[in-house]
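# Dropping the sequence and predicted coords here.
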Amino acid sequence: MLRSMTAFAASKGAQHGFSWTWEMRSVNGKGLDLRLRVPDWVEGLEPALRARIGKALGRGNVSLNLKLSRDDGAGALAVNAAQLEDVLTAMAEVENRAMARGVTLAPATAADLLGLRGVLDTGAADEDTEALRTTLLADFEPLLTAFLDMRATEGRALADVLTAQLDEIERLTADAAQAAEARRPDMEQAFRTALARVMDTADTADEARVAQELALLAVKADVTEEIDRLRAHIAAARDLIASGSPVGRKLDFLSQEFNREANTLCSKAQNKALTATGLELKTVIDQMREQVQNVE
(Lines give C-alpha, C1' and ligand atoms only; values in the text may rest on other atoms or scores of the structure.)
Protein backbone atom coordinates (compact mmCIF):
# COMPACT_ATOMS: atom_id res chain seq x y z
CA MET A 1 0.00 0.00 0.00
CA LEU A 2 1.29 3.43 -0.94
CA ARG A 3 1.46 6.12 1.72
CA SER A 4 1.29 9.83 1.10
CA MET A 5 3.69 12.22 2.81
CA THR A 6 0.82 14.65 3.41
CA ALA A 7 -1.23 14.18 6.59
CA PHE A 8 -2.63 15.88 9.69
CA ALA A 9 -3.85 14.69 13.08
CA ALA A 10 -4.80 16.39 16.35
CA SER A 11 -6.00 15.28 19.78
CA LYS A 12 -6.47 16.43 23.38
CA GLY A 13 -5.87 14.83 26.75
CA ALA A 14 -5.76 15.50 30.48
CA GLN A 15 -4.28 13.70 33.50
CA HIS A 16 -2.00 14.26 36.53
CA GLY A 17 -3.32 17.83 36.87
CA PHE A 18 -2.30 18.72 33.31
CA SER A 19 -4.17 19.14 30.05
CA TRP A 20 -2.62 19.11 26.61
CA THR A 21 -3.23 19.29 22.88
CA TRP A 22 -1.30 17.56 20.13
CA GLU A 23 -0.96 18.63 16.51
CA MET A 24 0.97 16.59 13.97
CA ARG A 25 1.30 17.38 10.29
CA SER A 26 3.59 16.55 7.37
CA VAL A 27 4.33 17.51 3.79
CA ASN A 28 6.59 15.96 1.19
CA GLY A 29 10.36 15.96 1.58
CA LYS A 30 13.43 14.23 0.19
CA GLY A 31 14.16 12.59 3.54
CA LEU A 32 12.71 12.44 7.03
CA ASP A 33 12.88 15.85 8.71
CA LEU A 34 11.38 15.94 12.22
CA ARG A 35 10.55 19.24 13.89
CA LEU A 36 9.27 18.81 17.43
CA ARG A 37 8.02 21.53 19.76
CA VAL A 38 7.42 19.87 23.13
CA PRO A 39 8.07 21.03 26.73
CA ASP A 40 11.77 20.51 27.46
CA TRP A 41 11.14 20.15 31.19
CA VAL A 42 9.43 16.77 30.66
CA GLU A 43 12.63 14.76 30.79
CA GLY A 44 13.15 12.24 27.99
CA LEU A 45 9.94 13.11 26.14
CA GLU A 46 11.43 14.52 22.94
CA PRO A 47 13.95 11.73 22.24
CA ALA A 48 11.27 9.11 22.90
CA LEU A 49 8.91 10.83 20.45
CA ARG A 50 11.63 11.15 17.83
CA ALA A 51 12.44 7.46 18.10
CA ARG A 52 8.78 6.47 17.74
CA ILE A 53 8.15 8.72 14.75
CA GLY A 54 11.41 7.71 13.08
CA LYS A 55 10.42 4.05 13.35
CA ALA A 56 6.97 4.65 11.84
CA LEU A 57 7.84 7.00 8.97
CA GLY A 58 10.27 6.85 6.09
CA ARG A 59 10.08 10.28 4.47
CA GLY A 60 8.47 13.69 4.86
CA ASN A 61 8.83 17.01 6.63
CA VAL A 62 7.02 16.28 9.89
CA SER A 63 6.13 18.77 12.62
CA LEU A 64 4.76 17.82 16.04
CA ASN A 65 3.49 20.41 18.53
CA LEU A 66 2.51 19.65 22.11
CA LYS A 67 0.90 22.41 24.21
CA LEU A 68 0.90 21.43 27.88
CA SER A 69 -0.68 23.39 30.73
CA ARG A 70 -1.57 22.87 34.41
CA ASP A 71 -5.18 22.56 35.45
CA ASP A 72 -4.57 23.80 39.02
CA GLY A 73 -2.87 26.83 40.49
CA ALA A 74 0.12 24.96 41.84
CA GLY A 75 2.09 25.69 38.75
CA ALA A 76 1.73 29.45 38.76
CA LEU A 77 4.05 31.17 36.35
CA ALA A 78 7.28 32.59 37.78
CA VAL A 79 10.19 34.49 36.30
CA ASN A 80 13.45 32.59 36.20
CA ALA A 81 15.67 35.33 37.67
CA ALA A 82 18.97 33.75 36.65
CA GLN A 83 17.84 33.21 33.07
CA LEU A 84 16.43 36.73 32.88
CA GLU A 85 19.72 38.18 34.16
CA ASP A 86 21.63 36.28 31.48
CA VAL A 87 19.24 37.55 28.81
CA LEU A 88 19.55 41.16 29.98
CA THR A 89 23.34 40.92 30.04
CA ALA A 90 23.36 39.56 26.50
CA MET A 91 20.97 42.28 25.33
CA ALA A 92 23.16 45.00 26.86
CA GLU A 93 26.21 43.63 25.05
CA VAL A 94 24.31 43.52 21.75
CA GLU A 95 23.07 47.10 22.20
CA ASN A 96 26.57 48.36 23.08
CA ARG A 97 28.06 46.76 19.97
CA ALA A 98 25.25 48.11 17.82
CA MET A 99 25.74 51.65 19.17
CA ALA A 100 29.48 51.41 18.51
CA ARG A 101 28.66 50.76 14.86
CA GLY A 102 26.05 53.50 14.71
CA VAL A 103 23.14 51.06 14.57
CA THR A 104 19.99 51.87 16.52
CA LEU A 105 17.96 48.90 17.75
CA ALA A 106 14.26 48.93 18.54
CA PRO A 107 13.61 48.72 22.30
CA ALA A 108 12.55 45.31 23.62
CA THR A 109 9.29 44.99 25.56
CA ALA A 110 8.57 42.86 28.61
CA ALA A 111 6.48 40.59 26.40
CA ASP A 112 9.50 40.07 24.15
CA LEU A 113 11.60 39.00 27.14
CA LEU A 114 8.94 36.71 28.61
CA GLY A 115 8.60 34.99 25.26
CA LEU A 116 12.24 33.89 25.30
CA ARG A 117 12.82 30.28 26.23
CA GLY A 118 13.57 29.70 29.90
CA VAL A 119 12.69 33.19 31.16
CA LEU A 120 9.22 32.15 32.33
CA ASP A 121 9.00 28.99 34.45
CA THR A 122 5.89 26.92 34.98
CA GLY A 123 7.18 25.67 38.29
CA ALA A 124 7.30 22.13 36.94
CA ALA A 125 10.99 21.89 36.22
CA ASP A 126 11.84 20.53 39.67
CA GLU A 127 9.11 17.88 39.65
CA ASP A 128 9.47 14.20 38.84
CA THR A 129 7.94 14.06 35.38
CA GLU A 130 8.32 10.33 34.76
CA ALA A 131 4.61 9.59 35.23
CA LEU A 132 3.64 12.52 33.03
CA ARG A 133 6.08 11.44 30.32
CA THR A 134 4.70 7.88 30.38
CA THR A 135 1.14 9.21 30.09
CA LEU A 136 2.02 11.55 27.23
CA LEU A 137 3.81 8.82 25.30
CA ALA A 138 0.81 6.53 25.72
CA ASP A 139 -1.52 9.32 24.60
CA PHE A 140 0.68 9.95 21.56
CA GLU A 141 0.09 6.44 20.17
CA PRO A 142 -3.53 6.96 18.99
CA LEU A 143 -2.49 10.31 17.51
CA LEU A 144 0.27 8.63 15.53
CA THR A 145 -2.14 5.89 14.44
CA ALA A 146 -4.62 8.48 13.16
CA PHE A 147 -1.77 10.27 11.41
CA LEU A 148 -0.60 7.07 9.70
CA ASP A 149 -4.18 6.20 8.74
CA MET A 150 -4.50 9.54 6.98
CA ARG A 151 -1.22 8.97 5.13
CA ALA A 152 -2.54 5.56 4.07
CA THR A 153 -5.88 7.01 2.94
CA GLU A 154 -4.09 9.67 0.92
CA GLY A 155 -1.79 6.96 -0.40
CA ARG A 156 -4.70 4.91 -1.72
CA ALA A 157 -5.98 7.97 -3.55
CA LEU A 158 -2.50 8.54 -4.97
CA ALA A 159 -2.31 4.91 -6.12
CA ASP A 160 -5.60 5.31 -8.00
CA VAL A 161 -4.37 8.49 -9.70
CA LEU A 162 -1.01 6.97 -10.63
CA THR A 163 -2.64 3.80 -11.93
CA ALA A 164 -4.96 5.85 -14.15
CA GLN A 165 -1.98 7.82 -15.45
CA LEU A 166 -0.06 4.62 -16.18
CA ASP A 167 -3.10 3.32 -18.08
CA GLU A 168 -3.03 6.48 -20.18
CA ILE A 169 0.72 6.17 -20.77
CA GLU A 170 0.21 2.56 -21.81
CA ARG A 171 -2.52 3.59 -24.27
CA LEU A 172 -0.36 6.35 -25.72
CA THR A 173 2.61 3.99 -26.02
CA ALA A 174 0.43 1.61 -28.05
CA ASP A 175 -0.65 4.56 -30.22
CA ALA A 176 3.00 5.49 -30.70
CA ALA A 177 3.81 1.95 -31.82
CA GLN A 178 0.96 2.07 -34.36
CA ALA A 179 2.02 5.51 -35.61
CA ALA A 180 5.61 4.31 -35.98
CA GLU A 181 4.46 1.32 -38.01
CA ALA A 182 2.14 3.47 -40.14
CA ARG A 183 4.96 5.86 -41.05
CA ARG A 184 7.24 3.02 -42.24
CA PRO A 185 6.19 3.11 -45.94
CA ASP A 186 6.62 6.88 -46.06
CA MET A 187 10.04 6.63 -44.40
CA GLU A 188 11.17 3.93 -46.81
CA GLN A 189 9.96 5.94 -49.81
CA ALA A 190 11.73 9.04 -48.50
CA PHE A 191 15.00 7.13 -48.19
CA ARG A 192 14.63 5.68 -51.71
CA THR A 193 13.95 9.13 -53.13
CA ALA A 194 16.93 10.56 -51.30
CA LEU A 195 19.16 7.76 -52.57
CA ALA A 196 18.00 8.22 -56.18
CA ARG A 197 18.51 11.98 -55.96
CA VAL A 198 22.06 11.55 -54.69
CA MET A 199 22.93 8.97 -57.34
CA ASP A 200 21.50 11.11 -60.15
CA THR A 201 23.50 14.19 -59.17
CA ALA A 202 26.80 12.60 -58.20
CA ASP A 203 28.45 10.45 -60.83
CA THR A 204 31.28 9.50 -58.53
CA ALA A 205 29.10 8.57 -55.54
CA ASP A 206 29.58 5.09 -54.16
CA GLU A 207 26.09 3.59 -54.22
CA ALA A 208 26.92 1.09 -51.49
CA ARG A 209 28.35 3.83 -49.28
CA VAL A 210 25.32 6.07 -49.78
CA ALA A 211 22.97 3.18 -49.06
CA GLN A 212 24.91 2.46 -45.86
CA GLU A 213 24.56 6.07 -44.70
CA LEU A 214 20.83 6.02 -45.42
CA ALA A 215 20.52 2.78 -43.48
CA LEU A 216 22.20 4.44 -40.50
CA LEU A 217 19.72 7.30 -40.72
CA ALA A 218 16.88 4.78 -40.75
CA VAL A 219 18.27 3.15 -37.60
CA LYS A 220 18.53 6.54 -35.88
CA ALA A 221 14.88 7.24 -36.74
CA ASP A 222 13.69 3.88 -35.40
CA VAL A 223 11.71 4.21 -32.13
CA THR A 224 11.31 0.51 -31.35
CA GLU A 225 13.72 0.63 -28.41
CA GLU A 226 12.01 3.68 -26.89
CA ILE A 227 8.60 2.02 -27.11
CA ASP A 228 9.98 -1.20 -25.60
CA ARG A 229 11.55 0.72 -22.72
CA LEU A 230 8.34 2.65 -22.11
CA ARG A 231 6.48 -0.64 -21.81
CA ALA A 232 9.12 -1.96 -19.42
CA HIS A 233 8.86 1.20 -17.29
CA ILE A 234 5.08 0.86 -17.14
CA ALA A 235 5.40 -2.70 -15.82
CA ALA A 236 8.04 -1.63 -13.29
CA ALA A 237 5.90 1.27 -12.05
CA ARG A 238 2.88 -1.01 -11.59
CA ASP A 239 5.02 -3.42 -9.57
CA LEU A 240 6.28 -0.60 -7.33
CA ILE A 241 2.77 0.68 -6.67
CA ALA A 242 1.62 -2.83 -5.81
CA SER A 243 4.58 -3.38 -3.46
CA GLY A 244 3.68 -0.33 -1.34
CA SER A 245 5.69 2.37 0.43
CA PRO A 246 8.37 3.45 0.77
CA VAL A 247 8.87 3.56 -3.01
CA GLY A 248 8.63 7.31 -3.65
CA ARG A 249 12.28 7.72 -4.61
CA LYS A 250 12.14 4.77 -7.02
CA LEU A 251 8.97 6.08 -8.64
CA ASP A 252 10.55 9.51 -8.98
CA PHE A 253 13.59 8.02 -10.71
CA LEU A 254 11.32 5.95 -12.95
CA SER A 255 9.29 9.02 -13.92
CA GLN A 256 12.53 10.65 -15.07
CA GLU A 257 13.21 7.61 -17.24
CA PHE A 258 9.69 7.85 -18.67
CA ASN A 259 10.36 11.46 -19.59
CA ARG A 260 13.70 10.63 -21.20
CA GLU A 261 12.11 8.04 -23.50
CA ALA A 262 9.26 10.40 -24.43
CA ASN A 263 11.77 13.13 -25.32
CA THR A 264 13.75 10.76 -27.52
CA LEU A 265 10.55 9.55 -29.16
CA CYS A 266 9.62 13.12 -30.09
CA SER A 267 13.10 13.90 -31.43
CA LYS A 268 12.99 10.81 -33.70
CA ALA A 269 9.35 11.11 -34.77
CA GLN A 270 9.61 12.82 -38.21
CA ASN A 271 5.89 12.22 -38.40
CA LYS A 272 2.95 14.41 -37.37
CA ALA A 273 0.92 11.68 -35.68
CA LEU A 274 3.90 10.26 -33.81
CA THR A 275 5.00 13.72 -32.67
CA ALA A 276 1.50 14.48 -31.35
CA THR A 277 1.45 11.21 -29.43
CA GLY A 278 4.90 11.89 -28.01
CA LEU A 279 3.81 15.31 -26.76
CA GLU A 280 0.72 13.78 -25.11
CA LEU A 281 3.01 11.27 -23.44
CA LYS A 282 5.19 14.05 -22.06
CA THR A 283 2.15 15.83 -20.64
CA VAL A 284 0.85 12.75 -18.81
CA ILE A 285 4.34 11.86 -17.58
CA ASP A 286 4.80 15.37 -16.14
CA GLN A 287 1.46 15.05 -14.35
CA MET A 288 2.48 11.67 -12.98
CA ARG A 289 5.78 13.02 -11.73
CA GLU A 290 3.97 15.75 -9.79
CA GLN A 291 1.88 13.12 -8.01
CA VAL A 292 4.93 10.94 -7.34
CA GLN A 293 6.48 13.77 -5.30
CA ASN A 294 3.89 13.08 -2.58
CA VAL A 295 4.59 9.35 -2.28
CA GLU A 296 6.57 8.25 0.77
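Nice, thanks for sending it over.

# can we go C-alpha only for contacts and neighbour counts from here?
Noted.

# where does this protein have its least confident helix or strand?
Among the helices and strands of the chain, helix 207-221 carries the lowest confidence by mean pLDDT, DSSP states H and E, at a mean of 59.

# After it, heading C-terminal, what element do we hit next?
Later in the chain than helix 207-221, the nearest helix or strand by DSSP states H and E is helix 224-243.

# What is that next one packed up against?
Counting contacts by 3 or more Cα pairs under 8 Å, 6 or more residues apart in numbering; DSSP states H and E, helix 224-243 packs against helix 130-182, helix 248-268.

# can you give me the angle the last one makes with helix 224-243?
Helix 248-268 and helix 224-243 are oriented at 160 degrees to each other (axes from the mean of the first three to the mean of the last three Cα atoms, to 10 degrees).

# Quick check: buried residues in helix 248-268?
248-249, 251-252, 254-255, 257-259, 261-263, 265-266, 268 (16 or more other Cα atoms under 10 Å).

# One more: stretch 272-290?
In stretch 272-290, counting by 16+ other Cα under 10 Å, buried: 273-275, 277-282, 284-286, 288-289.

# Can you tell me which of those residues is nearest Lys67?
Arg289 (37.5 Å; Cα to Cα).

# avg pLDDT for the helix or strand hosting that closest one?
Assessed by DSSP H and E, Arg289 sits inside helix 272-292. Helix 272-292 shows a mean pLDDT of 95.

# what do you get for stretch 140-156?
pLDDT averaged over stretch 140-156 gives 97.

# and that stretch, how far from the chain's centre?
17 Å (Cα atoms, centre = their mean, to the nearest Å).

# re earlier: the inter-axis angle of the helix holding Arg289 versus helix 130-182?
Going by the same axes, to 10 degrees, helix 272-292 makes 180 degrees with helix 130-182.

# elements contacting helix 272-292?
Short answer (3+ Cα pairs under 8 Å, 6+ apart): helix 272-292 packs on helix 130-182, helix 248-268.

# what about that helix, distance to the chain center?
Counting by Cα atoms, centre = their mean, helix 272-292 comes out at 21 Å from the chain centroid.

# Next: stretch 241-252.
Stretch 241-252 has its C-alpha centroid displaced from the chain centroid by 12 Å (Cα atoms, centre = their mean).

# now that stretch: mean pLDDT?
pLDDT averaged over stretch 241-252 gives 91.

# nearest to Gly29, of the buried residues of stretch 272-290?
Nearest member of those to Gly29, counting by Cα to Cα, is Arg289, at 14.4 Å.

# what residues are up against that closest one?
252, 255-256 (Cα atoms under 8 Å, 6 or more residues apart in numbering).

# what's the closest of those residues to Ala131?
Using Cα to Cα, the contacts of Arg289 come closest to Ala131 at Asp252, 44.6 Å.

# returning to what we had before: using TSV, lay out the helices and strands packed on helix 224-243 together with distance to Ala14.
Compiled in TSV, the helices and strands packed on helix 224-243 are given as follows (distance: least, Cα to Cα, whole Å):
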stretch	distance to Ala14
helix 130-182	9
helix 248-268	38
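
# Nearest approach to Arg231 belongs to which of those?
Using Cα to Cα, those put helix 130-182 closest to Arg231, at 7.0 Å.
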